[in-house]
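Student: no FASTA, just this:
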């Protein structure tokens, strides 16, 4: 059976409000008032209201916080005037079950996105790159279409870039980083911006775009210092130091690495310390300076055995150190000195 909805218009109220509107408009324009609806002529009343801005209605009805819908409903049907906040609260009170369903979904989507990002730096080391990449693509879509969380979307994009970087897909990495940077800046997330600029600098350094890399690192370093992130500052100083060493500026490079090393010690990051010792030691090995390299490599191995005993990287470092010591012993002949002990 068809149902017909009937609106009962309060004609007297509508005519009175319309008269006030006409008087307001004619007083400003210097014109005669337009005819108001009388004796059931609601069409004339609503025609007047249709040409009046919601701002004028709100002022005349002394309801600045009312929505345009409520203003017109009050004009035509003498419905109660409510503010936008009151209407929103009423909606929440009436629709808790409905909204709760979507809140649960939102929590699921957010959890999925964060877990996908968390896979970078864990499972990636085990070679699950295609699976992680697929999840990151889904996570990015979820944050964009269902959550509207720009900062979380930016983090997912940053981690997608890191995955591409690990696989030497530099163009893809840079595109993800640039999208992430734009979003982090849009929401004012300076730490995210700093991490992304550091990542962009890494891509530029890989591409041998040294001036561009130094500029990206400079901006990242400034932001890390501004937000008080000592670890981010140390990582960036290390990158700058290695870049200066690559450019042949040994003094400046070692100065940056020394600053980074001090910060790593300050925050208790043994991984950062080990990487600096190992990097410097390898440079010396490549230059044939095995005697100077050995104590640096030994410190790196000693630290790695503390935080990652039995790890493939630790085992590889230990093998290289053994080879260096063997070459030193062979060079010295029968009178082999005891090797430098690892740092405890």
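Tutor: Ah, there it is. Source: prediction; values computed, not measured.
Student: same question for stretch 164-184, mean pLDDT?
Tutor: The average pLDDT within stretch 164-184 is 92.
Student: can you list the low-confidence ranges for the protein?
Tutor: Counting by pLDDT under 70, the ranges of the chain that qualify are 1-61, 64-79, 82, 84-134, 136-148, 334-344.
Student: quick one, domains of it?
Tutor: The chain breaks down by automatic domain parsing into domains covering 11-92, 291-344.
Student: residue ranges for the strands of this structure, please.
Tutor: In the chain, no segments count as strands under DSSP state E.
Student: separation between residue 167 and residue 238?
Tutor: Separation of residue 167 from residue 238 (CB to CB, to the nearest Å): 22 Å. Heads up, the C-betas are built off the backbone N, CA and C, glycines and all.
Student: neighbours of residue 230, just the number please.
Tutor: For residue 230, the neighbour count with other CB atoms under 10 Å is 14.
Student: wait, it touches residue 268, no?
Tutor: No. Residue 230 lies out of contact with residue 268 (CB atoms under 8 Å); the separation is 10.2 Å.
Student: quick revisit: which one of residue 167 and residue 238 has more residues nearby?
Tutor: Between residue 167 and residue 238, counted using other CB under 10 Å, residue 238 has the larger neighbour count: 22 against 13.
Student: the more buried one against residue 262, yeah?
Tutor: No. Residue 238 lies out of contact with residue 262 (CB under 8 Å); the separation is 11.4 Å.
Student: ok, now which ones touch residue 151?
Tutor: Contact analysis of residue 151 by CB atoms under 8 Å, 6 or more residues apart in numbering lists 183, 184, 187, 189, 192.
Student: and residue 291, how many neighbours?
Tutor: 13.
Student: when you give positions from now on, start the count at 396
Tutor: With the count now opening at 396, the last piece we talked about shows up as residue 686.
Student: and the residue lying closest to it once chain neighbours are set aside, how many neighbours?
Tutor: Excluding the flanking residues, the one nearest residue 686 by CB to CB, 6 or more residues apart in numbering is residue 723, at 6.5 Å. Counted with other CB under 10 Å, residues neighbouring residue 723 total 17.
Student: my guess is residue 723 contacts residue 689. True?
Tutor: Yes. With contact defined as CB under 8 Å, residue 723 counts as touching residue 689 (6.3 Å).
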